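> Provide a 3D model corresponding to the input given below.
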Amino acid sequence: MRQLVQLLLLISFALTIILAVTGGGDVWVALLFICMIGLIGALFAIMYWIPADASAIMLSKGEQLRFSAFGSRLLSLADAGLPRPRAPYERGRLLVTDKALRFFVKKREGRSTVIVETLTIPLPQIEAAGLGQVLSSSKGLIVTAKKHKEAHFSILGMEKKFPDFKKALGWTA
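The predicted model follows:
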């Protein structure tokens with residue numbers, strides 16, 4: 001599917017160039033641009049988007065999902081203030097269950113894509129959570145756990161979701 005979308009994106013780009021150079025109709029060029037934007041969105045979804053129900057399948061039996069959000073996890077905490085293009089990060093889904101905070105990403109294995117858990121912090125080990133500077137977002141999520149463990153997440157709209165996140169941790173909102 002990924003290769004098909006990439007091929008369609010390449011074809012629509014080439015057709016846009018050809019129509020623009022040969023004086024094709026402005027309506028067709030505009031439609032092809034709209035098509036390219038849609039294909040870019042589809043490619044992003046194929047490469048990074050993890051539906052909440054797909055990652056919930058990866059949970060242990062009896063584990064209940066309390067919070068779910070799509071976002072980015074900063075891999076090197078030393079780069080927290082860097083702009084997004086220069087900082088190492090991974091896109092995926094943050095889940096809070098009744099047992100742990102978990103982060104899942106899509107990884108390519110050969111020709112297939114699998115969902116992999118890259119971070120787990122048991123709830124009893126979480127000492128603090130707050131909003132702060134993460135990547136280029138001034139309202140990123142910062143979670144601090146025991147043994148000097150810390151995780152930084154950039155999640156769109158986290159400022160509004162933060163009370164739900166605290167409630168999922170079992171803290172008062």
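> Contacts for the lengthiest helix in the chain next, please.
Ordering each helix of the chain by length in residues (DSSP state H) puts helix 26-48 first. Helix 26-48 is contacted from outside by 1-2, 5-6, 8-9, 12-13, 15-16, 19-20, 91-92, 106, using CB atoms under 8 Å, 6 or more residues apart in numbering. (C-beta placed from N, C-alpha, C; glycine too.)
> then it to CSV, C-alphas only?
Taking C-alpha atoms only, helix 26-48 is exported to CSV below (Å, rounded to 0.1, in the frame of the first residue of the first chain):
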residue,chain,number,x,y,z
ASP,A,26,-5.6,25.9,-14.0
VAL,A,27,-8.5,23.8,-12.6
TRP,A,28,-6.6,20.6,-13.4
VAL,A,29,-3.4,21.9,-11.8
ALA,A,30,-5.4,22.9,-8.7
LEU,A,31,-7.1,19.5,-8.5
LEU,A,32,-3.7,17.7,-8.8
PHE,A,33,-2.3,19.8,-6.0
ILE,A,34,-5.3,18.8,-3.8
CYS,A,35,-4.8,15.2,-4.8
MET,A,36,-1.1,15.5,-3.8
ILE,A,37,-2.0,16.9,-0.4
GLY,A,38,-4.4,14.0,0.1
LEU,A,39,-1.8,11.5,-0.9
ILE,A,40,0.8,13.0,1.4
GLY,A,41,-1.8,12.7,4.3
ALA,A,42,-2.4,9.1,3.3
LEU,A,43,1.3,8.4,3.2
PHE,A,44,1.8,9.9,6.7
ALA,A,45,-1.1,7.8,8.0
ILE,A,46,0.3,4.6,6.5
MET,A,47,3.8,5.3,7.9
TYR,A,48,3.1,6.6,11.4
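> the helices in the protein, which residues?
Using DSSP H, helices in the chain cover 2-22, 26-48, 52-56, 158-169.
> rewinding a little: of all the residues in the longest helix of the chain, which ones are buried?
For helix 26-48, the buried set under the neighbour-count rule, 16 or more other CB atoms under 10 Å, comprises 29, 32, 35-36, 39, 42-43.
> that older thread, most neighbours among the contacts of helix 26-48, which one?
Using other CB atoms under 10 Å as the neighbour test, the contacts of helix 26-48 are led by G92, with 26 neighbours.
> how close does that one get to A30?
34 Å (CB to CB, to the nearest Å).
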